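Participant: sequence first, then the predicted structure, then my questions.
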Amino acid sequence: MFGIDKWFRKYDLKKSLKKFKRDKKTICYTEAKSIGIIASVKTPEEYNSIHSFIESVKKDGKKVDCIVFIDKKEIESDYLIYEDINILKKGDLNWYGKPVGEQYNSFIQNRYDIIIELNMDELYAVEYCVALSNASIRAGGSFFKSGYADFIISQKEFDINFLFTELKRYLSILKA
């Protein structure tokens, strides 16, 4: 069944994209200076894996910003251990799932060389952020059925660590 909220989401995103201009270009991971990560997580283990990936990207000399959506009303203490991950919960979304608030606004206004999407819950908030990110290249995994990624790693079974390893590997061999 197609609800009014889904119709409004499509309408609002389409309207926002009409005003949106993106500077799309191919950029190699080794040349990238800034990386944004947009994710939804279901478990603390996935959250910890994202933080491990952030640390490996920082070791490569990249500036990393991360915003994680948790589909809960309250944030459990397991999700508050890392200061370099911004967390948004259900209360940070408006009635039809669009992110609102200062954390979202500051993240989306930044210009990243690469945006990595990791939408495990298929949340509209993640799709919205990816669609309106002004990143040179948008990358993610095939489990996400959005049309906004430029580069997708395909997996038969989801493995977050494999995904991160493959994204770094293939984004490193891209040529402009």
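Facilitator: The structure has been received and is ready for your questions.
Participant: which non-adjacent residue is nearest the residue nearest the centre of the chain?
Facilitator: Nearest to the mean C-alpha position of the chain, by C-alpha atoms, centre = their mean, lies residue 38 at 1.9 Å. Using C-beta to C-beta, 6 or more residues apart in numbering and skipping the chain neighbours, the partner closest in space to residue 38 is residue 129 (4.8 Å). Any C-beta I mention is one placed from the backbone N, CA and C, and that applies to glycine too.
Participant: got the contact list for the one you found?
Facilitator: 38, 67, 99, 104, 107, 108 (C-beta atoms under 8 Å, 6 or more residues apart in numbering).
Participant: could you rerun that using 10 Å?
Facilitator: 36, 38-39, 67, 69, 88, 98-99, 104, 107-108, 115, 117, 119, 123, 148 (C-beta atoms under 10 Å, 6 or more residues apart in numbering).
Participant: next one: residue 138
Facilitator: 22, 24, 36, 38, 112, 114-117, 130-131, 146, 148-152.
Participant: repeat that for 8 Å
Facilitator: Residues near residue 138 by C-beta under 8 Å, 6+ apart: 114, 115, 117, 130, 148, 149, 150, 151.
Participant: just list whatever residues bridge to it.
Facilitator: residue 115 (DSSP bridges).
Participant: how much space separates it from residue 74?
Facilitator: Using C-beta to C-beta, to the nearest Å, residue 138 is found at 30 Å from residue 74.
Participant: same check, this time on residue 92
Facilitator: Applying C-beta to C-beta to residue 92 and residue 74 gives a distance of 12 Å.
Participant: show me which of those two is the more surrounded one.
Facilitator: Per other C-beta atoms under 10 Å, whichever of residue 92 and residue 74 has more neighbours is residue 92, with 18 against 9.
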